[in-house]
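> Attaching a predicted model along with its sequence, questions to come.
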Amino acid sequence: MAFMPPTGPQGAQSPPSSPPPQAPPPRPLGASTLAVDPGAISRCMFRMTYVWPRSGPGFWFFPTFVGRTSVAGFRWNGFFWMFTGIDLQRIDAFTCV
């Protein structure tokens, strides 16, 4: 399934105008759950957010849409922001700054 940028009165959402911080934040303490709660990650909407996936390296993310089972927004690839979506079950931990 392809994720499309959410639209609204302002049109398509735009990525941040600057890169994320150079260093990742400290990983939150506590046990992982089976899936990230949509209500918990929704507080990070339109904020720089660091995501630790269940597999693979962590990355900076700028969420612009939170659904029941997924989150979409812009992921920093080291050079520029690119639009992407992530299943909430694939996220181990996150923190917004």
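Okay, I see it.

> Can you tell me the SS state at Asp92?
Counting by DSSP: H, G, I helix; E, B strand; the rest coil, the backbone at Asp92 sits in strand.

> before we move on, which element is Gly73 in?
strand 70-76 (DSSP states H and E).

> Closest to the centroid, which residue in the chain?
In the chain, the C-alpha nearest the mean C-alpha coordinate belongs to Phe61, at 3.9 Å (CA atoms, centre = their mean).

> for Asp37, what are its contacts?
Leu88 (CB atoms under 8 Å, 6 or more residues apart in numbering). Using the backbone N, CA and C atoms, a C-beta is placed for each residue, glycine as well.

> Strands along the chain, start to end?
49-53, 59-66, 70-76, 81-87, 91-96 (DSSP state E).

> between the ones you listed, which gets nearest to Pro28?
strand 91-96 (5.3 Å; CB to CB).

> residues near Phe74, how many?
Using other CB atoms under 10 Å, Phe74 has 21 other residues around it.

> Who is it paired with across the strands?
Beta bridges link Phe74 to Phe62, Phe83 when assigned by DSSP bridges.

> pretty sure Phe74 is touching Val51, no?
No - with contact defined as CB atoms under 8 Å, Phe74 does not reach Val51; the gap is 11.8 Å.
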